[in-house]
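S.K.: coordinates for the following, if possible.
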Amino acid sequence: TKLRARFGRTLTTNVAYTLSRSRDTLSQDGALVEHDATRPENNWGLSDYDRTHRLTTSFMLDVPAIGREASVVSALTGGWTMAGIFTYQSGTPFSVIGNPTRNAFFAQVARPRVSLAPGKSVEDAILGGSVQERLNAYFDVTAFTDSLDQWGNTGRNILRGPSQMQLDLTVGRSFPLAAR
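M.R.: Have a look, this model is predicted:
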């Protein structure tokens, strides 16, 4: 969904929102099937690049001059522009990977998936709070256990990383150069 508007001669805005979901077994050419290569359907899950929500807004404001036209105050305050762009997007999904040296299953891959701990679910692994509060423990690792001598029972990209926000602002001024 996209909305574009101009308010008078001074403000122009754009707003765009995307709600999406992307699923696949491999998110890029040349990628390897994690887990059990003989059953690629077990790799079905959120795409590595999935972003459920994405909001982008931008604006450009021509700041009107203060004072009467052709005055010193008008000359100093005229020609200014302020612009910005704001982006918010959901975090990317990721898989929980176990310790390959503890997995003794024949022909186990180098990135083995873990199993859910007894009595635990994926929802138990999701911790609350801000990203800064969770820097040392983004998700609850006790909700998982190494799969040891079997294929792990967790899916691909079952957790989601932190969302991201970015704001870029600029202030500029235009003025005529005298011709000789």
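S.K.: got any ranges where the chain has weak pLDDT?
M.R.: 30-36, 100-110, 149, 179-180 (pLDDT under 70).
S.K.: can you give me the helices in this protein?
M.R.: In the chain, the segments counted as helices under DSSP state H are 72-77, 122-125.
S.K.: give me whichever of the ones you listed is most buried.
M.R.: Comparing these by mean neighbour count (mean count of other Cβ atoms under 10 Å), helix 122-125 ranks first with a mean of 14. No exception for glycine: its C-beta is placed from N, CA and C like everyone else's.
S.K.: run the chain-centre distance for that one.
M.R.: In terms of Cα atoms, centre = their mean, to the nearest Å, the centre of helix 122-125 is found 20 Å from the chain centre.
S.K.: quick one, phi/psi of the residue minimising distance to the centre of the chain?
M.R.: Nearest residue to the geometric centre of the chain (Cα atoms, centre = their mean): residue 91, 3.7 Å. For residue 91, the backbone dihedrals (degrees, to the nearest 10) come out as phi -70, psi 160.
S.K.: just give the number of residues close to the closest residue in space to it that isn't next to it in sequence.
M.R.: Of all residues beyond its chain neighbours, the one nearest residue 91 is residue 161 (3.5 Å), with distances taken as Cβ to Cβ, 6 or more residues apart in numbering. A total of 13 residues lie near residue 161 under the criterion other Cβ atoms under 10 Å.
S.K.: what do you get for the one 4 residues further on?
M.R.: Burial measure for residue 165: 10 neighbouring residues, criterion other Cβ under 10 Å.
S.K.: what does residue 167 give?
M.R.: Neighbourhood size, residue 167 [other Cβ under 10 Å]: 10.
S.K.: contacts only, for it.
M.R.: Shown in contact with residue 167 (Cβ atoms under 8 Å, 6 or more residues apart in numbering): 84, 85, 86.
S.K.: count the neighbours of the first one for me.
M.R.: Counted by other Cβ under 10 Å, the residues lying close to residue 84 total 14.
S.K.: report the contact partners of it.
M.R.: Neighbouring residues of residue 84 by Cβ under 8 Å, 6+ apart: 58, 59, 167, 168, 169, 170.
S.K.: can I get those residues in JSON lines with distance to residue 135?
M.R.: Formatted as JSON lines, the contacts of residue 84 follow (distance: Cβ to Cβ, whole Å):
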{"residue": "58", "distance to residue 135": "31"}
{"residue": "59", "distance to residue 135": "32"}
{"residue": "167", "distance to residue 135": "22"}
{"residue": "168", "distance to residue 135": "25"}
{"residue": "169", "distance to residue 135": "27"}
{"residue": "170", "distance to residue 135": "31"}
